[in-house]
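Enquirer: I would like to see how this sequence folds:
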Amino acid sequence: MMLTKEEQRVFNRMQLNTKVILATAQSRIEGVCRNLSAQGVLMEVSNGQCQIGEEWQLVVPSADNQVLPLKAMAKVLRVDSGERTDMVALTLTEVR
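Expert: Now for the predicted structure:
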């Protein structure tokens, strides 16, 4: 039996359209989380804000005050540039 591309993934991705924040001591970027899995995030940000290899603190705020936001350290794996925005793939570490 042949598996489709989606079935070959170790972790399924949840399609999202929610705010995500990347921060360091010097910078802060807001973007839109397009999908999320147990090991990574695909987000859309304005052009030129992320570079491959950068490490960020990632925060996905909660829509409910009783649920804590998702916080993790994230490393940029891929940047696909578009006309106005970049699609940035990050791997998650130290998820809290």
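Enquirer: can you count the residues close to Val67?
Expert: The local packing of Val67 (other C-beta atoms under 10 Å) involves 9 other residues. Yep, even glycine has a C-beta here, placed from its N, CA and C like the rest.
Enquirer: what about it, distance to Pro61?
Expert: According to C-beta to C-beta, to the nearest Å, Val67 and Pro61 sit 10 Å apart.
Enquirer: with Asn47 instead?
Expert: Distance of Asn47 to Pro61, given as C-beta to C-beta: 23 Å.
Enquirer: what do you get for Arg78?
Expert: Applying C-beta to C-beta, the value for Arg78 to Pro61 is 24 Å.
Enquirer: next one: Lys71
Expert: From Lys71 to Pro61 the distance is 10 Å (C-beta to C-beta).
Enquirer: enumerate every residue touching the residue nearest in space to the middle of the chain.
Expert: Centroid-nearest residue in the chain: Val41, 2.9 Å away (criterion: C-alpha atoms, centre = their mean). Contacts were defined as C-beta atoms under 8 Å, 6 or more residues apart in numbering; by that measure Val41 touches Val20, Cys33, Asn35, Leu58, Val60, Ala74, Ala89, Leu90, Leu92.
Enquirer: fine by me, thanks again.
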